[in-house]
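**Student:** Below: sequence and its predicted model.
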Amino acid sequence: MGAETGSVTVVEHPLVQHKLGLMRRTETPTLQFRSLLREVSLLLAYEATRDLPLREETIRTPLAEMKVPRIEGRKLVIAPVLRAGLGMLDGFLDLIPGARVGHVGMYRNEETLEPVEYYFKMPAWMEERDVVVVDPMLATGNSAAAAVGRVWREKPRSIRMVCLLAAPEGISNFHRQFPEVPIITAAVDSHLDERGFIVPGLGDAGDRMFGTNE
């Protein structure tokens, strides 16, 4: 799962952009927001797994023997950053039901904007696995970098970061620390406001997904 240094892939598929537009609307209710996040995540998962390593395996069809591609190595790991990253997990598992799931518990200190870790759990044999870290918002980049850094200590075969929205400041900050980790996102928005929120953005993804902003 290699990538160019500092690479950012914006998934401009019409379905991704249409669904993202619906998610941005203030009046979109929690139930619909949650459903849309799952659907967009499935589409992002397709892009994020585009270059998984393959090997050939010989099988027999009803008519003949042939060689077919199979994904190489141990099962992929999807690692949501808690709590908002959980909203992307089901979309990935819809596409890759055999994937293993790790969890990175982080929250952002609203005064310092720095991440605080409170939970971490990964599958075994990480050195033989590729990891996709998922979190809807890459804002300052601090939480994403902290999460990826924590996963990196497990020495996986590769890591990539998948988010719904990213800010230019967050991308720069993240790639200063992890230039070799690619970012896959549905959109790169304008900037961060004084509170560290993405503008125009969609608000707090965790609050909107779990209904804790009401």
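**Tutor:** Okay, I see it.

**Student:** in which helix or strand would I find L37?
**Tutor:** helix 30-48 (DSSP states H and E).

**Student:** Pull out the buried positions in that helix.
**Tutor:** 33-48 (16 or more other Cβ atoms under 10 Å). The C-beta positions use only the backbone N, C-alpha and C, and glycine is treated the same way.

**Student:** Extract the residue ranges of the chain that are flagged as low pLDDT.
**Tutor:** Scanning the chain for pLDDT under 70 picks out 1-6, 113, 214.

**Student:** show me where it has helices.
**Tutor:** Using DSSP state H, the helices of the chain run over residues 14-24, 30-48, 86-95, 142-152, 168-177, 205-210.

**Student:** can I get the CA coordinates of the longest one in CSV?
**Tutor:** In CSV, the C-alpha atoms belonging to helix 30-48 read as follows (Å, rounded to 0.1, in the frame of the first residue of the first chain):
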residue,chain,number,x,y,z
THR,A,30,-28.9,12.5,13.1
LEU,A,31,-30.4,9.4,11.6
GLN,A,32,-29.7,10.5,8.0
PHE,A,33,-26.3,11.9,8.9
ARG,A,34,-25.3,8.6,10.4
SER,A,35,-26.6,6.7,7.3
LEU,A,36,-24.8,9.0,4.9
LEU,A,37,-21.5,8.7,6.8
ARG,A,38,-21.7,5.0,6.5
GLU,A,39,-22.4,5.2,2.8
VAL,A,40,-19.6,7.7,2.1
SER,A,41,-17.2,5.6,4.2
LEU,A,42,-17.9,2.6,2.0
LEU,A,43,-17.0,4.6,-1.1
LEU,A,44,-13.8,6.0,0.6
ALA,A,45,-12.9,2.4,1.5
TYR,A,46,-12.9,1.5,-2.1
GLU,A,47,-10.3,4.2,-2.8
ALA,A,48,-8.3,3.4,0.3
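
**Student:** which other helices and strands contact it?
**Tutor:** helix 14-24, helix 86-95, strand 130-134, strand 158-166, strand 183-188, helix 205-210 (3 or more Cβ pairs under 8 Å, 6 or more residues apart in numbering; DSSP states H and E).

**Student:** just to revisit the earlier point, reformat the helices of the chain as JSON lines; add distance to I198.
**Tutor:** Shown next, in JSON lines, are the helices of the chain (distance: least, Cβ to Cβ, whole Å):
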{"stretch": "helix 14-24", "distance to I198": "11"}
{"stretch": "helix 30-48", "distance to I198": "15"}
{"stretch": "helix 86-95", "distance to I198": "16"}
{"stretch": "helix 142-152", "distance to I198": "12"}
{"stretch": "helix 168-177", "distance to I198": "8"}
{"stretch": "helix 205-210", "distance to I198": "10"}
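
**Student:** most tightly surrounded among those?
**Tutor:** Ranked by average neighbour count under the criterion mean count of other Cβ atoms under 10 Å, these are headed by helix 142-152 at a mean of 22.

**Student:** ok, Q32 - contacts?
**Tutor:** For Q32, the contact set (Cβ atoms under 8 Å, 6 or more residues apart in numbering) comprises L22.

**Student:** now do T49
**Tutor:** Per Cβ under 8 Å, 6+ apart, neighbours of T49: L76, L95, I96, V132.

**Student:** List the beta-bridge partners for the last one.
**Tutor:** Under the criterion DSSP bridges, V132 forms beta bridges with I78, R160.

**Student:** and the residue sitting furthest away from the middle of the chain, how far is that from R70?
**Tutor:** Distance from the C-alpha centroid of the chain, by Cα atoms, centre = their mean, peaks at L63 (40.7 Å). Distance, L63 to R70, using Cβ to Cβ, to the nearest Å: 20 Å.
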